[in-house]
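>>> quick one: sequence and predicted model below, then my questions.
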Amino acid sequence: MSTENFKIQIRKGLLEFCVLQIVSIKEVYASEIIEELKNSEIIVVEGTVYPLLSRLKKSNYIQHVWKESTQGPPRKYYSITNHGLEHLKELVVSWSDINSSVKKLFKTKK
Amino acid sequence: MKKTFTISLGHSVFNVEEDAYDVLKIYLDSIKNYFQKMENDSEIISDFELRIAENFSSKLSSGKQYINLTDVKEVIQIMGSLDDFQEIYDDQTEDVKEEKKENNKLYRDSSNRIIAGVCSGIAEYFKIDPIIVRILFFIAVPLNLIVYIIFWIGIPTKDFDPDLRKILYRDKENGVIGGVAKGLSNYLKIDANIIRVVFVVSLFFGGAGLLFYLLLWFFTKEAKTIGEKMNMSGFNVNLSNIEDFIKKKTKSLNSPENTLTKIFLFPFRLLAPLINVFLKIGVFVLKGVFFIVSSTFIVFYSILLVVFSRILFEDINRDQDPDFYELLNAVPDYFVIFSIIFLILTIIISLIISFYVLFQRKSNLYFFMFLIFIWISFLILIIVSIPSVIFILQDLDLLPFWISGFENNSFYYKWIY
């Protein structure tokens, strides 16, 4: 497994987690989510976010409303649902579990 | 100076330069295709377009009112290509493939059709090029008409993805006369010069090659957009391929022809403009001949129409020609009415066809088929009623000499007895 491939696999697994986290803080529209993800270098290309948003919506983790914007066409604002919030809590727990296990593994090696 | 297209994308309007438009269209089509197969969700695509529109808007200013190729390439880089999506969603693409295998029913192809997509649908079914089916149908006149109409009525339509199929186009850009040989060479992956030699040699053996050449010329479209040019060369249209294709194209333009090919092609290069002029003149002359023939027909039918309606309303001078009057009077009214309706339909249909051939004015296809259907019904009615008319006339001993003279050989005569 190349380093590049490793990164892709990790990002792929974490993308859903990160998007839910961003949406849970405040109501955002797609471009804001993309900016945030790009800044933290979770995604490289923007297009990958859209199928994910669609899937999260289908699983009833997030919802959206249309809002007029001062510039340009109306935008879709996403927010998290209660169901999504529960899911996010579970994800946070499992992420910290994994995180600590990996850290422990590296500590014992030293 | 460059041509631009006006497009609407994500609720906004943009002016896009021609080359940029080609690339953008291929990109959006490939994205659409991918997501439709994957999630079956039109929302993804509209969100996607909305974001592209945002990116485009940020590239426009008061000094720059249009989108060019660089903008499109940059935006595609930002949005990501199919490969990027496949990396993330590779687990789902396998389901799509399986779904495709099952899908082996005969449909009419609404995405690549000339009349109703019957030929193209059959071609999709057997995984062959529609041109083969079309030529076979063309050769099988008139049996094909019936088969075609049955297929047309009996088979539902479906939008096939033309990108997944290799299609024969004419490659006029790289061709010598009409680009047929070059197009064939792209299609069969044989050197164009070999095909040209075969065509030329076949000229000396009864000219079958010429007929074949003209048939292909008539039945194939010229590759114009980048997408068609890529299809022609067997490239699947997706983003990574577009760049490969453009690179290859510039490379092939640079490679010089060897002297032998130059010598061989020289007379044809010389002849090409001449042949093109001849073809144009030929089309013009043909149209002229068609105009004369069709207008003669229409006038002829109109005169017949007048005669028949006068028969119907018994508006013929008795004293002038008593025999003729008696003959006309004996013809049953229903036959005259059939004939009048038939003539009116014939005139309308001839007018529609003439307008189509001479001015490329298309009428509604379904309306036209409906007319043809009624026309055929009346034709059948008339054919069926001719024997009874002959009977009546025979009984009255009014049969004109030119019918009774042929009586013994007449098809109807044998049919009646």
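Thanks, I have it. Everything quoted here is computed from the prediction, not taken from an experiment. Residues are numbered from 1 along each chain as shown, chains lettered A, B, ... in the order given.

>>> residue nearest the centroid of chain A?
residue A:19 (1.9 Å; C-alpha atoms, centre = their mean).

>>> quick one: that residue and chain B, what's the gap?
Plainly put, residue A:19 is 12 Å away from chain B if you go by C-beta to the nearest C-beta, to the nearest Å. To be clear about C-beta, it is placed using only N, CA and C from the backbone, and glycine gets the same treatment.

>>> again, but for residue A:99
As judged by C-beta to the nearest C-beta, residue A:99 and chain B stand 22 Å apart.

>>> mind checking how far the helix or strand encompassing that residue is from the chain centre?
Residue A:99 belongs to helix A:82-109 when elements are defined using DSSP states H and E. Taking C-alpha atoms, centre = their mean, to the nearest Å, one finds the center of helix A:82-109 at 15 Å from the center of the full chain.

>>> buried residues, it. List them.
Neighbour-count burial for helix A:82-109, with 16 or more other C-beta atoms under 10 Å in any protein chain shown as criterion, is recorded at A:84, A:87-88, A:91.

>>> next one: stretch B:19-29
So for stretch B:19-29, counting by 16+ other C-beta under 10 Å, buried means B:20-29.

>>> please save the CA atoms from that stretch in PDB.
C-alpha atoms of stretch B:19-29 as PDB (Å, rounded to 0.1, in the frame of the first residue of the first chain):
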ATOM      1  CA  ASP B  19     -13.800  24.800 -27.100                       C
ATOM      2  CA  ALA B  20     -14.500  25.400 -23.400                       C
ATOM      3  CA  TYR B  21     -18.100  24.400 -24.000                       C
ATOM      4  CA  ASP B  22     -17.000  21.100 -25.700                       C
ATOM      5  CA  VAL B  23     -14.900  20.200 -22.700                       C
ATOM      6  CA  LEU B  24     -17.400  21.300 -20.100                       C
ATOM      7  CA  LYS B  25     -20.200  19.300 -21.800                       C
ATOM      8  CA  ILE B  26     -18.100  16.200 -21.900                       C
ATOM      9  CA  TYR B  27     -17.200  16.700 -18.300                       C
ATOM     10  CA  LEU B  28     -20.800  17.300 -17.100                       C
ATOM     11  CA  ASP B  29     -22.100  14.400 -19.200                       C
END
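
>>> do that stretch and chain A meet?
No. Shown here: stretch B:19-29 not in contact with chain A (C-beta under 8 Å from any C-beta of the partner chain), separated by at least 10.2 Å.

>>> helices and strands around whichever helix or strand residue B:335 is part of, which ones?
According to DSSP H and E, residue B:335 maps onto helix B:333-359. Secondary-structure packing of helix B:333-359 (3 or more C-beta pairs under 8 Å, 6 or more residues apart in numbering or on different chains; DSSP states H and E): helix B:259-312, helix B:365-395.

>>> in the buried residues of stretch B:19-29, find the pair that's most separated.
Using C-beta to C-beta, the buried residues of stretch B:19-29 span at most 14.8 Å, a distance reached by B:20 and B:29.

>>> the residue of chain A found nearest chain B: how many residues sit nearby?
Relative to chain B, the nearest point of chain A is residue A:45 (2.5 Å; C-beta to the nearest C-beta). By other C-beta atoms under 10 Å in any protein chain shown, 19 other residues sit near residue A:45.

>>> and for residue B:310?
13.

>>> again with residue B:17
Neighbours of residue B:17 (other C-beta under 10 Å): 20.

>>> any idea what it is bridged to?
Listed by DSSP bridges, the beta-bridge partners for residue B:17 are residue B:4.

>>> surely it is in contact with residue B:68?
Yes. At 5.0 Å, residue B:17 and residue B:68 qualify as touching, with contact defined as C-beta atoms under 8 Å.

>>> and residue B:346, what is it in contact with?
B:301, B:375 (C-beta atoms under 8 Å, 6 or more residues apart in numbering or on different chains).

>>> how close does it sit to residue B:336?
As defined by C-beta to C-beta, to the nearest Å, residue B:346 lies at a distance of 15 Å from residue B:336.

>>> next one: the residue of chain A closest to chain B, what pLDDT does it get?
With respect to pLDDT, residue A:45 has a value of 78.

>>> list the contacts for it?
Applying C-beta under 8 Å, 6+ apart to residue A:45 gives the contacts B:77-81, B:84.

>>> of those, list those near chain A.
By C-beta under 8 Å from any C-beta, the members of the contacts of residue A:45 lying near chain A are B:77-81, B:84.

>>> what about these, which are in helices?
The members of the ones next to chain A among the contacts of residue A:45 that map onto helices under DSSP state H are B:77-79, B:84.

>>> so can I have TSV of the residues you listed showing distance to residue A:38, neighbour count and pLDDT?
TSV is the format used below for these (distance: C-beta to C-beta, whole Å; neighbours: other C-beta atoms under 10 Å in any protein chain shown; pLDDT from 0 to 100):
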residue	distance to residue A:38	neighbour count	pLDDT
B:77	13	13	81
B:78	9	16	82
B:79	12	22	83
B:84	13	18	72
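
>>> report pLDDT for residue A:38.
Looking at residue A:38, the pLDDT reads 83.

>>> coming back round to it: what's the angle from the helix holding residue B:335 to helix B:365-395?
140 degrees (axes from the mean of the first three to the mean of the last three C-alpha atoms, to 10 degrees).

>>> and helix B:333-359, which residues are buried?
Applying 16+ other C-beta under 10 Å to helix B:333-359 flags B:335-336, B:338-347, B:350, B:352, B:354 as buried.

>>> cool, stretch A:39-58 as well?
Neighbour-count burial for stretch A:39-58 flags A:42-57 (criterion: 16+ other C-beta under 10 Å).

>>> give the contact list for the residue in chain B that chain A sits nearest to.
Nearest residue of chain B to chain A: residue B:80, at 2.5 Å (C-beta to the nearest C-beta). Taking C-beta under 8 Å, 6+ apart as the criterion, residue B:80 is in contact with A:44-48.

>>> please repeat the previous calculation with a cut-off of 6 Å.
Neighbouring residues of residue B:80 by C-beta atoms under 6 Å, 6 or more residues apart in numbering or on different chains: A:45, A:47.

>>> residues from chain A in reach of chain B?
A:8, A:12, A:45-48, A:50-51, A:54, A:73 (C-beta under 6 Å from any C-beta of the partner chain).

>>> and which of the residues you listed is nearest residue B:297?
residue A:73 (56.9 Å).

>>> leaving out the residues flanking it, which one is nearest to that closest one?
In space, and not counting its chain neighbours, residue A:73 is closest to residue B:11: 3.6 Å by C-beta to C-beta, 6 or more residues apart in numbering or on different chains.

>>> cool, residue B:155 as well?
With C-beta to C-beta, 6+ apart, the residue lying closest to residue B:155 is residue B:108, at 5.0 Å.

>>> burial measure for that neighbour, as a count.
That count, for residue B:108 with other C-beta under 10 Å as the rule, works out to 22.

>>> beta partners of it?
Here residue B:108, judged by DSSP bridges, has bridge partners residue B:157.

>>> and it, what is it in contact with?
By C-beta under 6 Å, 6+ apart, the residues touching residue B:108 are B:116-118, B:121, B:155, B:157.

>>> residue 54: helix or strand, and which one exactly?
I'll assume chain A. Here residue A:54 is assigned to helix A:49-58, by DSSP H and E.

>>> please go with chain B instead
Assessed by DSSP H and E, residue B:54 sits inside helix B:42-59.

>>> packing partners of that helix?
Under the contact definition 3 or more C-beta pairs under 6 Å, 6 or more residues apart in numbering or on different chains; DSSP states H and E, helix B:42-59 sits against helix A:49-58, helix B:18-38, helix B:69-79.
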